[in-house]
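Enquirer: Build me a model from this:
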Amino acid sequence: MAEYRGKALCFGDNINTDYIIASRRKKDTINPDELVKYIMEDIRPGFSSLIEPGVMFAAGENFGCGSAMEVAAQIVKAAGISIIIAKSFARSYYRNAINNGVMPLEMDTSDIQEGDIISVSTSDDGIHVVNERTGRHSVLPPFAGKAGDILAAGGIIEYTQNRFAQEKKGETQ
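Expert: Residues are numbered from 1 along each chain as shown. Okay, here's the model as predicted:
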C-alpha cells in the first residue's frame, strides 16, 4: 500500500506535451533534471516555483496530447510529481507516465480546485482518492498486470533492473 498527499495544481483540457515542456527548450538538452525549471512555462510563467513536495496535477480532458515524446513525462517525474489526476489522458502520455513511475489517474476532476489537498492511497481493492476540501471519495480500480508492477517499481527502468536482478539471483541458486 502506498499513500500520497499533496496540493493540487490545476489545468484545463488539452494540455499538450509542448505545454509541459516547450520545444524550444529541447534544442539544447533533453535532460529532465535541467528542463524541469521550464515546466509549463508557456501557459503558466514561473510555474516551476509552485512545485513543492507532494504536489499533484489535476486536469481536464486529454492531458498529454500532442506528440509522444517521453521527455514530457520524464520532466513531471523530475519535478517530483508522482500523480496526475485527469478526466482523460492521451494514450501515449498515459503509457509514458506509467513507464516513468508517474501514476495517471482517470476520474472526474470537476470539483478539484487549485490548492486543494488530495489524498491518494493504493491497496489491493483499489486506488482511493479523497479531496479533503470537498470530502469526495472516489475509488478507482488498481493498476493491473505489468502496468501495476512498473508503477510499484518506480518506472520501467527500475522494473527492468529488478527483474534482471531476480533472474540473476535465480540462476546462481
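Enquirer: residues contacting T17?
Expert: 64-69, 72, 93 (CB atoms under 8 Å, 6 or more residues apart in numbering). Where C-beta positions appear, they are placed from N, C-alpha and C, glycine not excepted.
Enquirer: Confirm that V120 sits in a helix.
Expert: No - V120 sits outside any helix when classified using DSSP: H, G, I helix; E, B strand; the rest coil, being strand.
Enquirer: what sits against V120?
Expert: Contacts of V120 (CB under 8 Å, 6+ apart): 3-5, 56, 83, 103, 105, 127-130.
Enquirer: again, only this time at 10 Å
Expert: V120 sits next to 2-6, 56, 82-83, 85, 103, 105, 127-130, 138, 140 when contact means CB atoms under 10 Å, 6 or more residues apart in numbering.
Enquirer: ok, now N131?
Expert: 8, 58, 85, 109, 111-113, 116-119, 137-138.
Enquirer: OK, contacts around Y159?
Expert: Each residue near Y159 by CB under 10 Å, 6+ apart is listed here: 98-99, 101, 146, 149-153.
Enquirer: likewise T160?
Expert: 150, 153.
Enquirer: Confirm that it sits in a helix.
Expert: Yes - using three-state DSSP, the assignment for T160 is a helix.
Enquirer: Could I get the buried residue list for the helix or strand encompassing A152?
Expert: Using DSSP states H and E, A152 maps to helix 145-153. Across helix 145-153, burial judged by 16 or more other CB atoms under 10 Å covers 147, 150-151, 153.
Enquirer: same thing with stretch 95-115?
Expert: Within stretch 95-115, the residues scored as buried using 16+ other CB under 10 Å are 95-105, 107, 109, 112.
Enquirer: So which residues of the chain form strands?
Expert: 2-10, 56-59, 83-86, 103-106, 117-123, 126-131, 137-140 (DSSP state E).
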